[in-house]
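S.K.: I need the structure of the sequence given here:
(one chain, ligands or ions: 1)
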Amino acid sequence: MMDLKQHIRHVPDFPKPGILFYDITTLLKNAEGLKATIDRLAAPYQGAKIDAVIGIESRGFILGSAVAERLGAGFIPVRKPGKLPSKAIRETYDLEYGKDALEMHADAINKGERVLIVDDVLATGGTAAAAVQLVKKGGGELQGLAFLIELTGLQGKSKLPGERVFSVLQY
Ligand code: AMP
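M.R.: Residues are numbered from 1 along each chain as shown. Down below sits the predicted model:
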């Protein structure tokens, strides 16, 4: 099996001093790396009857749309404020570096649809927790959250109580 960690670049002090940034562009540009990444992110949900994958801006778009296609599901973007053209619902949250908000189109999820949230990194969990709230407000049945990378020392899972959290790689 391909060692995905070998292809992830570690960038110290980006975007701020003290942050070690996990750069997945070096993994995704590799054809075998991209395929293995999507294979491993999607594998636990084959047969889970996922209706839609929610991808969090912006690296969650890259991974989430590929996972959605692999699962035969639709794709729903969760975006930074002011980017979505139609009526949106909003949730504010704390980042590992700063504060922000996320939005989703109010009519994106049909009531009772089975949804999966996908993002690249689970750090403090604030971003993912906001996405969970948007799914609940939007009427979705959350089946789980899938991350390529989990920074276990930051205990992001503690912000996602009762949710099924999967990560391909742990640091
Ligand atoms: P958090 O809300 O702290 O879990 O942060 C998660 C979001 O921030 C994800 O969308 C990641 O893309 C990004 N992120 C946080 N920490 C890092 C990191 N060390 N390297 C790369 N991306 C990160």
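
S.K.: quick one: contacts for the residue nearest to the spatial centre of the chain?
M.R.: By C-alpha atoms, centre = their mean, the chain has its centre lying nearest to D119, at 1.7 Å. By C-beta atoms under 8 Å, 6 or more residues apart in numbering, D119 lies in contact with G55, I56, R59, G60, L63, G64, T127, A128, A131, L145, F147, L148. Where C-beta positions appear, they are placed from N, C-alpha and C, glycine not excepted.

S.K.: and what of Q170?
M.R.: Q170 neighbours (C-beta under 8 Å, 6+ apart): I149, E150, T152.

S.K.: cool, and L122?
M.R.: By C-beta under 8 Å, 6+ apart, the neighbours of L122 are A128, L145, F147, I149, E150, L151, L154, G156, K157, V165, S167.

S.K.: quick revisit: now for the contacts of D119, which pair is the farthest apart?
M.R.: Taking C-beta to C-beta, the two most distant members of the contacts of D119 are A131 and L148; they sit 15.3 Å apart.

S.K.: if we can go back for a sec, now go through the contacts of L122 and say which are in strands.
M.R.: Assigned to strands by DSSP state E, the following of the contacts of L122 qualify: L145, F147, I149, E150, V165, S167.

S.K.: pLDDT score assigned to the second one?
M.R.: In other words, F147. pLDDT, F147: 99.

S.K.: centre of the chain versus the helix or strand bottoming out on mean pLDDT in the chain, how much separation?
M.R.: None of the helices or strands of the chain scores lower by mean pLDDT, DSSP states H and E than strand 88-95, at a mean of 89. Relative to its chain's centre, strand 88-95 lies at 15 Å (C-alpha atoms, centre = their mean, to the nearest Å).
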